[in-house]
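Colleague: Just the structure for this:
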Amino acid sequence: MTGIDAVRSRKITRLASGDSPRVLELCSGCGGMSLGLKTAGFELRAHVECDPLAAATYAVNFGPTSGEGQGEWARPRDMNTCSPETLAREFGLHEDAADSFDILAAGLPCQAFARIGRSKLRSIAGDKKAFKKDQRATLYKRFLEYVSATRPLGILIENVPDILNFGGHNVPEEICGTLDSLGYRTAYTLLNAAFYGVPQLRERLILLGIDVSLGVEPRFPDPTHSIDLPSGYEGSRNVALKYVPDRGSHFRPIPGVTEELPQAVSVRSALRDLPFISEHFTNPTAMKRRRVCDHRAYRKVGRISDYARAMRDWPGFEGEKDLDAHVVRVTPRDFEIFKRMPHGSDYPIAIKIAEGIFAEKLEALSASDVASRIKTKAYRKLRSATVPPYDPGKFPNKWWKLAPSCPSRTLTAHIGKDTYSHIHYDSRQKRTISVREAARLQSFPDGFRFAGQMNAAFRQIGNAVPPLLALAVARVLKETLLEGAAMSKRRKSTVA
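Modeller: Now for the predicted structure:
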């Protein structure tokens with residue numbers, strides 16, 4: 001028996017005996033995928049995350065509360081310079097890297113793959129092919145080196161659908177081809193988080209690999225909720241799938257929904273029991289002083305939704321009588337615009353509303369004041385204090401007011417700089433969403449804590465894998481692995 005065969009055999013024996021699959025996660029972020037894996041019964045043994053605050057959040061929620069190894073969970077690391085053997089040693093594991101982990105998972109950085117990220121990279125570098133030169137675009141190759149070093153029984157990768165069409169190159173096909181040569185059965189597909197109980201339309205690529213010795217094929221979870229996706233999603237899918245090979249592809253059909261499934265979770269169901277926030281316009285100084293860790297009581301709304309209850313009662317991350325992260329941006333110019341925007345409206349409509357508000361302000365002035373202010377410094381100052389400066393032709397999607405009866409649009413890391421893409425549906429509150437509301441829309445439970453200040457917390461949430469989507473995938477992955485381990489055990493006993 002070779003060394004690799006012996007390692008594989010020991011891992012399969014462990015799983016067949018009922019032990020939990022052990023996970024190493026690369027590019028873990030703040031821990032959205034990890035939360036899904038942990039809840040499904042996986043053991044989190046080590047992780048790699050280069051962002052210091054995201055690593056700190058991971059440690060707060062998953063690391064030991066005390067002891068010598070506590071700091072290792074919060075230490076930022078670069079997967080390019082950190083070896084699996086070093087990880088095993090630093091996290092206090094007593095086996096070598098190959099024996100330490102049964103699962104290798106990664107939410108690889110998507111900035112170079114996502115079309116919006118590519119545009120930003122082109123703009124910054126002044127180079128149309130800047131996205132191909134971005135170091136993050138090659139991290140999947142480093143991931144494959146980790147596969148060779150750790151020989152996991154199961155592999156899980158999450159990314160944006162655009163990774164299927166990376167300048168005409170289908171990266172998941174390349175990954176699957178390499179994994180096939182290493183002894184894995186592989187498959188990938190597209191899953192939308194809204195079909196798995198997340199109150200957000202978030203399309204993601206999921207790639208799975210299973211060691212061939214288990215004798216089972218990768219499987220993807222069946223949807224638990226139903227929704228008619230907006231028309232734009234069909235076009236985006238077609239663009240992403242353009243370079244899926246006609247023959248020999250590892251792509252699997254996107255799981256379909258059935259009529260009896262409940263409707264997707266709406267924004268109102270997700271947020272209605274969270275605190276009413278008005279300090280940004282009643283006492284802006286108090287809001288500016290509020291910290292992410294400050295607590296406020298839940299809002300009393302009668303019966304709360306099943307989704308809100310699940311976020312309050314997530315095992316190990318339960319909410320208490322109150323909860324934290326009720327910080328929002330203070331933007332006085334736009335409060336009245338937020339209030340007047342219809343649900344589901346975007347920036348061009350917001351500009352028209354702002355122009356109307358400006359006209360009202362001018363009308364309130366006397367005739368002589370109006371005449372004296374036109375094209376003067378005072379006129380321009382009044383306009384600047386009322387009308388946003390962005391060109392609606394260039395930024396049509398810059399603003400968006402949530403529709404309460406539907407899932408949210410996708411949360412991105414950009415909310416760390418600008419939350420105008422998620423304006424609260426309750427016009428009385430006339431604001432963008434809070435950190436805790438963003439966490440709810442991403443399906444983070446109320447007991448999940450975020451390190452850092454408001455912008456950092458928003459960025460971590462926008463970068464994360466929705467925990468409920470990760471949980472759906474993790475449950476099926478675990479079932480597949482245990483089924484394969486049991487079959488392998490029976491085969492060995494038959495041979496014996």
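
Colleague: Do a quick rundown of the helices in the stretch 351-496 of the chain.
Modeller: 367-373, 377-384, 435-441, 454-463, 467-495 (DSSP state H, counting those that start in this stretch).

Colleague: and among those helices, the most buried is which?
Modeller: Using mean count of other Cβ atoms under 10 Å, the stretch among the helices of the stretch 351-496 of the chain with the largest mean neighbour count is helix 435-441, at a mean of 27. All C-beta atoms are positioned from the backbone trio N, CA, C, and that covers glycine.

Colleague: For it, name the packing helices and strands.
Modeller: Under the contact criterion of 3 or more Cβ pairs under 8 Å, 6 or more residues apart in numbering; DSSP states H and E, helix 435-441 touches helix 267-271, helix 454-463.

Colleague: Reformat the ones you listed as JSON lines; add distance to Ser434.
Modeller: Formatted as JSON lines, these follow (distance: least, Cβ to Cβ, whole Å):
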{"stretch": "helix 267-271", "distance to Ser434": "9"}
{"stretch": "helix 454-463", "distance to Ser434": "9"}
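
Colleague: Output the ones you listed as CSV; include the columns mean pLDDT and distance to Cys27.
Modeller: Below are the helices and strands packed on helix 435-441 laid out as CSV (pLDDT from 0 to 100; distance: least, Cβ to Cβ, whole Å):
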stretch, mean pLDDT, distance to Cys27
helix 267-271, 98, 26
helix 454-463, 97, 9
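
Colleague: residue contacts, the nearest residue to Thr57 once chain neighbours are set aside?
Modeller: Computed as Cβ to Cβ, 6 or more residues apart in numbering, the closest residue to Thr57 that is not its neighbour in sequence is Cys30, at 4.0 Å. Contact analysis of Cys30 by Cβ atoms under 8 Å, 6 or more residues apart in numbering lists 54, 57-58, 61, 450, 460-461, 463-464.

Colleague: Kindly report the same for Pro218.
Modeller: Counting by Cβ under 8 Å, 6+ apart, Pro218 has contacts 185-187, 208-210, 252, 477, 480.

Colleague: And the pLDDT for it?
Modeller: For Pro218, the pLDDT comes out at 98.

Colleague: So it versus Gly209, what's the distance?
Modeller: 7 Å (Cβ to Cβ, to the nearest Å).

Colleague: which neighbours do these two share?
Modeller: Joint contacts of Pro218 and Gly209 (Cβ under 8 Å, 6+ apart) are 185-186.

Colleague: that's a helix at Pro348, yeah?
Modeller: Yes. Assessed by DSSP: H, G, I helix; E, B strand; the rest coil, Pro348 belongs to a helix.

Colleague: which residues does the closest residue in space to it that isn't next to it in sequence contact?
Modeller: Counting by Cβ to Cβ, 6+ apart, Pro392 is the residue found nearest to Pro348 once chain neighbours are left out, at 4.1 Å. When contacts are counted by Cβ under 8 Å, 6+ apart, Pro392 touches 347-348, 351.

Colleague: Of the residues you listed, just the buried ones, PyMOL syntax please.
Modeller: Of the contacts of Pro392, the buried ones go into a single PyMOL selection, burial set by 16 or more other Cβ atoms under 10 Å:
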select buried, resi 347+351
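
Colleague: would CSV of the contacts of Pro392 with distance to Pro199 and pLDDT be doable?
Modeller: Output for these, formatted as CSV (distance: Cβ to Cβ, whole Å; pLDDT from 0 to 100):
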residue, distance to Pro199, pLDDT
Tyr347, 23, 96
Pro348, 25, 96
Ile351, 28, 96
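
Colleague: between the contacts of Pro392, which is closest to Tyr146?
Modeller: Among these, Tyr347 lies closest to Tyr146 (Cβ to Cβ), at 42.1 Å.

Colleague: Tell me who's in contact with the closest one.
Modeller: 388, 390, 392, 395-400.

Colleague: What is the neighbour count of the nearest residue to it once chain neighbours are set aside?
Modeller: Nearest non-adjacent residue to Tyr347, counting by Cβ to Cβ, 6+ apart: Trp399, 4.1 Å away. Residues lying near Trp399 (other Cβ atoms under 10 Å) number 26.

Colleague: The one 3 residues further on too?
Modeller: Burial of Leu402 is recorded as 27 neighbouring residues (other Cβ under 10 Å).

Colleague: can you pull the contacts of the residue nearest to Glu320 when sequence neighbours are not counted?
Modeller: Take Glu320 and drop its neighbours on the chain: the residue closest to it by Cβ to Cβ, 6+ apart is Gly447, 7.7 Å away. Gly447 makes contacts with 314, 316-320, 323, as judged by Cβ under 8 Å, 6+ apart.

Colleague: now swap in Met487 and tell me
Modeller: Residues counted as contacts of Met487 (Cβ under 8 Å, 6+ apart) are 214-216.

Colleague: Whichever helix or strand Arg142 is part of packs against which elements?
Modeller: Taking DSSP states H and E as the definition, one finds Arg142 inside helix 139-150. Packed against helix 139-150, as judged by 3+ Cβ pairs under 8 Å, 6+ apart, are the following elements: strand 22-26, helix 84-90, helix 97-100, strand 103-107, strand 154-159, helix 171-181.

Colleague: Now do the first one: everything it contacts.
Modeller: By Cβ under 8 Å, 6+ apart, the surrounding residues in contact with strand 22-26 are 33-34, 37, 42-48, 79, 84, 87, 100-108, 143, 146, 150, 152.

Colleague: how's the protein carved up into domains?
Modeller: 3-262+466-495, 308-315+327-463 (automatic domain parsing).

Colleague: Kindly state the pLDDT recorded for the closest residue to Phe338 other than its chain neighbours?
Modeller: Nearest residue to Phe338 in three dimensions, chain neighbours excluded: Lys430, at 4.2 Å (Cβ to Cβ, 6+ apart). What the model reports for Lys430 is a pLDDT of 97.

Colleague: Just list the residues touching Lys430, thanks.
Modeller: Contacts of Lys430 (Cβ under 8 Å, 6+ apart): 281, 335-336, 338-339, 424.

Colleague: How confident was the prediction at Glu259?
Modeller: Looking at Glu259, the pLDDT reads 83.

Colleague: Let's verify it: helix, strand, or coil?
Modeller: Applying three-state DSSP: Glu259 is coil.

Colleague: Number of residues surrounding it?
Modeller: Neighbour tally, Glu259, other Cβ under 10 Å: 5.

Colleague: what's the distance between the residue nearest to it when sequence neighbours are not counted and Thr285?
Modeller: Nearest residue to Glu259 in three dimensions, chain neighbours excluded: Ser226, at 7.6 Å (Cβ to Cβ, 6+ apart). Plainly put, Ser226 is 46 Å away from Thr285 if you go by Cβ to Cβ.

Colleague: Looking at these two, which one has more neighbours?
Modeller: Between Ser226 and Thr285, Ser226 has the larger neighbour count (other Cβ under 10 Å), namely 16 against 9.

Colleague: For the contacts of Met487, pick the one with the most neighbours.
Modeller: Going by other Cβ under 10 Å, Leu214 tops the contacts of Met487 with 24 neighbours.
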